[in-house]
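1. here is my input; please provide its structure:
(2 chains)
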Amino acid sequence: MQDDKFLKLERALTEVYRSQSEVLPGSVEVTQDVMRQIRQLTSSKNRGWTQPAVLDQLVWRAAAIAAAVVMTVTILTMETFRTTAGESGVLLAEEFESAPLFGD
Amino acid sequence: MADGSSFKPSSDEKSLLRRIGQGETERFADLISRYQPHVIRIVSRRVPADQVKEVVHDVFVRAYFSLGHFSESVAFDHWLAAIAVRTCYDFWRAKKRDEVPVSALADDHHRWIEQMLAAQSDDEFRDQVRKREAVEVLEWALKQLSPENRAVLTLVHLEGRSVQEAAQLLGWSVINVKVRAHRARQAVRKLLVGS
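-> Reported below is the predicted structural model:
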């Protein structure tokens, strides 16, 4: 009984759905609005994509330059220390050599 | 042409799609003009009349940004129909989040159900179908369903599409659509006749 009732209602609602008047195609026009939004979104997307790319490049370049500077400074410092240490070693050796070993 | 019947893109259409893909954005306006009636027909059956323009607009914006995924082996109108159906589904999902719970059926709706069930002849049946209450009961019943059940019920039971076609349009598995179609029908049955 309930089945029959439901089948009848279902058939009625399906007919209601199919007989509902559609919005007439001519009454809605979206071309201009859609194109305007696409232009806006495309340009903001382009900006959105280029900005991080440029930023990335800047960061990497700055990092590369900073690394090069640090390496140069490190190498120069090490060279300076090595030279200083070598010289002082030579001087110390000279001092030992020139000094009398047994006091006379 | 763009009446809902499937067809493969013509060479003219393929070249139009290619030109849009290569950056000739303005050519997309030609596609909108060509397929606007097709999309309006799909959308106007699924969302309230005052929302049709907004949803049709969204369908074309989505379609533009999805053109990269369009395969020429599929009919363009069918591909666009899937976007339209999914946009309508998203419309109801968004609506469901903000919506206050829908009230129960009014007395005149209950009366309509009784009169409908009592209708003996085809003429009586058709008279009942034409009544304002009939549309209201249908809208009420659809509003009670989850957006998923609503989408499936509309495609399978109200429009009479096959489960496979509904699955293709929604981008869901056939099993999922089958299960939902059954559940949605049971839910409507419970709403309208109790058990």
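
2. next one, pLDDT for the closest residue to residue B:81 other than its chain neighbours please.
-> Distances taken as Cβ to Cβ, 6 or more residues apart in numbering or on different chains place residue B:42 nearest to residue B:81, at 5.8 Å, with adjacent residues excluded. C-beta coordinates here come from the backbone N, C-alpha and C atoms, glycine included. With respect to pLDDT, residue B:42 has a value of 94.

3. likewise residue B:119?
-> pLDDT for residue B:119: 89.

4. and what of residue B:7?
-> 55.

5. over to the one 4 residues further on?
-> Turning to residue B:11, the model gives it a pLDDT of 76.

6. what is the neighbour count of it?
-> Neighbour count of residue B:11, defined by other Cβ atoms under 10 Å in any protein chain shown: 8.

7. ok, back up a step: wait, isn't the residue nearest to residue B:81 in contact with residue B:87?
-> No - using Cβ atoms under 8 Å, residue B:42 is not in contact with residue B:87; the gap is 9.3 Å.

8. which helix or strand contains the residue nearest to residue B:81?
-> Residue B:42 is located in helix B:28-44, with elements delineated by DSSP states H and E.

9. what helix or strand is residue B:167 on?
-> Residue B:167 belongs to helix B:163-170 when elements are defined using DSSP H and E.

10. residues touching that helix, excluding its own?
-> Helix B:163-170 has contacts (Cβ atoms under 8 Å, 6 or more residues apart in numbering or on different chains) with B:78, B:81-82, B:85-86, B:89, B:151-152, B:155-156, B:161, B:172-174, B:176-178, B:181.

11. same thing but at 10 Å, please
-> Contact partners of helix B:163-170, identified using Cβ atoms under 10 Å, 6 or more residues apart in numbering or on different chains, comprise B:42, B:74, B:78, B:81-86, B:89, B:148, B:151-157, B:159, B:161-162, B:172-178, B:180-181.

12. please compute how far it lies from its chain's middle.
-> 12 Å (Cα atoms, centre = their mean, to the nearest Å).

13. confidence-wise, which helix or strand of chain A is lowest on average?
-> helix A:31-98 (a mean of 77; mean pLDDT, DSSP states H and E).
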